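Trainee: build me a model from this:
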Amino acid sequence: MSEPIDEAENANSVTGTPAAVRVTGVRKSFGSVAAVAGVDLAISEGEFFTMLGPSGSGKTTLLRIISGLEQPDEGSVELGGRDVTRQPPYARNVNTVFQDYALFPHMTVAQNVEYGLRVKRVPREDRHQRAERALQMVRLTDHGQRKPDELSGGQRQRVALARAIVNEPGVLLLDEPLGALDLKLRQQMQFELKRIQREVGITFVYVTHDQEEALTMSDRVAVFNNGRIEQVGTPLEVYERPTTEFVAGFVGVSNLVELDGLPVMIRPEKIWFVTDGEPDPEGTQVEAGAIEETAYIGMVTRYLVALDNGDHMSVVRQNLHADRDGGESDAIGRRVRIAFRNDQAYPIESAPESGDGPDDKRGQK
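Mentor: Now for the predicted structure:
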């Protein structure tokens, strides 16, 4: 597995500043279930960091431990170099945005955004100006006098974000905030969130089970499984060079096969069909087989190829010609040769035979 704390230490040594968030040896159990099973993690100042994993993998529990809503059984949490492990949420310089926006229905948008500043007894004129800046940042300047029920889901999410940003926290924690939005709006908000994070420069720690969200927005991603971190890296590293079988299967679609006795991963889009009569391309692995299934999914058609050696490979081909690539249901049973470059088949760690508990999901594809 990766050593994320060392990676972040190296990044922070350049600036000489402490990590925005440092988690050391954190464990948390609920009864006999280990929700977080010994996590070490360091997140740099100004980073958009995503904790990605399936339900029950420990990512939300760790986020709640960072926020102070849960106490770890073991380990420590530091924010900006200060140990806050036993401090209550209100004593930590963090704010949390949840999937449930929790806006006050009787207040206007501007009043909702100002609420935290009122609690802190910030002078009226100052809080009005700060709220106006926050609404401008989320592009809701003209919505200050509206009530929450007059807004769309995406607009309510932006109000919740403005309400968190206006307090100028050192770290903003986001617990699947886009989960209630429809697909198109969710995709739009992904770009909006990244834009806002760049503008404010606040460290974002984002929790999601959605791989597209993680890859779209993050500077780095930590992939969680069974209470542990399987890999930490940039979106490109996690997708293109997964280090474990679980990461290869969870982040995108992957083919897991053996080459020369070693388990390797090849992404479906890296594989292509070799034209009849064409010689084997140099520097590639070529396998023969037959198309077993096809699925037309808009931009691409996905093929399941049963290889003569007993393996199955998923192959994706872009639909450049709608009149020809409409799913090709008549292709089932057709003999084909597929090829992929040897340098795009990445070795990975084999999944262990058994996990640490009944909810172990290692080896899922």
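
Trainee: spatially central residue for the chain, please.
Mentor: With distances taken as C-alpha atoms, centre = their mean, Ala214 lies nearest the centre of the chain, 2.7 Å away.

Trainee: and that residue, that one's in a helix?
Mentor: Yes - counting by DSSP: H, G, I helix; E, B strand; the rest coil, Ala214 is located in a helix.

Trainee: OK, contacts around it?
Mentor: Contacts for Ala214 were tallied using C-beta atoms under 8 Å, 6 or more residues apart in numbering; they are 50, 52, 206, 208, 221, 235, 251. Where you see a C-beta, it was placed from the backbone N, CA and C, and this is true even at glycine.

Trainee: helix/strand/coil for the first one?
Mentor: Here Thr50 is strand, with the state taken from three-state DSSP.

Trainee: bridging residues for it?
Mentor: Per DSSP bridges, the residues bridged to Thr50 are Tyr206, Val221.

Trainee: where along the stretch 101-250 of the chain do the strands fall?
Mentor: Using DSSP state E, counting those that start in this stretch, the strands found in the stretch 101-250 of the chain span residues 171-175, 203-208, 220-225, 228-233.

Trainee: ok, back up a step: what's the most distant pair in the contacts of Ala214?
Mentor: Tyr206 and Val251 (15.2 Å; C-beta to C-beta).

Trainee: who has more neighbours, the two?
Mentor: Tyr206 (26 against 21; other C-beta atoms under 10 Å).

Trainee: I'd say that one and Lys59 touch.
Mentor: No - counting by C-beta atoms under 8 Å, Tyr206 does not reach Lys59; the two are 9.7 Å apart.

Trainee: overlap in contacts, the two.
Mentor: The contact sets of Tyr206 and Lys59 overlap at Met51 (C-beta under 8 Å, 6+ apart).

Trainee: tell me how many other residues surround Trp145.
Mentor: That one is not Trp; residue 145 is Gln. Neighbours around Gln145, by other C-beta under 10 Å: 10.

Trainee: show me the contacts for it.
Mentor: Listed by C-beta under 8 Å, 6+ apart, the contact partners of Gln145 are 108-110.

Trainee: just Arg220 next, same as before
Mentor: Applying C-beta under 8 Å, 6+ apart, we find Arg220 in contact with 43, 47, 49-50, 232-234.

Trainee: report the helix or strand with the lowest average pLDDT across the chain.
Mentor: helix 4-15 (a mean of 42; mean pLDDT, DSSP states H and E).

Trainee: what about Glu349, neighbour count?
Mentor: Other residues close to Glu349 by other C-beta under 10 Å number 16.

Trainee: wait, it sits on Glu245?
Mentor: Yes - under the criterion of C-beta under 8 Å, Glu349 makes contact with Glu245 at 6.6 Å.

Trainee: now list whatever residues contact both of those two.
Mentor: The contact sets of Glu349 and Glu245 overlap at Pro263 (C-beta under 8 Å, 6+ apart).

Trainee: all helices for this structure, in order.
Mentor: 4-15, 59-67, 109-119, 124-137, 153-165, 183-200, 211-217, 235-240, 245-250 (DSSP state H).

Trainee: if we can go back for a sec, drop anything exposed from the contacts of Arg220.
Mentor: The neighbour-count test (16 or more other C-beta atoms under 10 Å) marks 43, 47, 49-50, 232-233 as buried among the contacts of Arg220.

Trainee: poorly predicted segments of the protein, please.
Mentor: The chain contains residues with pLDDT under 70 at 1-17, 322-329, 350-365.

Trainee: how's it carved up into domains?
Mentor: For the chain, automatic domain parsing gives the domain ranges 4-246, 265-347.

Trainee: now the shortest one, how far from the centre of its chain.
Mentor: Right, the one you point to is domain 265-347. In this view, domain 265-347 has its centroid 28 Å away from the chain centroid, taken as C-alpha atoms, centre = their mean, to the nearest Å.

Trainee: what about Gly289, neighbour count?
Mentor: 21.

Trainee: contacting residues for the closest residue to it other than its chain neighbours?
Mentor: In this structure, Gly289 finds its nearest non-sequential neighbour in Leu307, 3.9 Å apart by C-beta to C-beta, 6 or more residues apart in numbering. By C-beta under 8 Å, 6+ apart, the contact set of Leu307 is 287-289, 313, 338.

Trainee: ok, now Glu282?
Mentor: By C-beta under 8 Å, 6+ apart, the contact set of Glu282 is empty.

Trainee: go on, the one 5 residues further on?
Mentor: When contacts are counted by C-beta under 8 Å, 6+ apart, Glu287 touches 307-309, 311, 313, 337-339.

Trainee: and the buried ones among the residues you listed, selectable in PyMOL?
Mentor: Buried residues within these, by 16+ other C-beta under 10 Å, are selected in PyMOL with:
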select buried, resi 307+313+337+338+339
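
Trainee: ok, of the contacts of Glu287, which one's closest to Arg156?
Mentor: Closest approach between those and Arg156, by C-beta to C-beta: Met313, at 44.2 Å.

Trainee: so the closest one bridges to which residues?
Mentor: Beta bridges link Met313 to Val305, judged by DSSP bridges.

Trainee: that one against Val305, yeah?
Mentor: Yes - Met313 lies in contact with Val305 (C-beta under 8 Å); the separation is 4.9 Å.

Trainee: now for those two: what residues contact both?
Mentor: Residues touching both Met313 and Val305 by C-beta under 8 Å, 6+ apart: 289, 338.

Trainee: distance to Val159 added to the contacts of Ala214, as TSV?
Mentor: Shown next, in TSV, are those (distance: C-beta to C-beta, whole Å):
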residue	distance to Val159
Thr50	23
Leu52	26
Tyr206	18
Thr208	20
Val221	27
Pro235	28
Val251	32
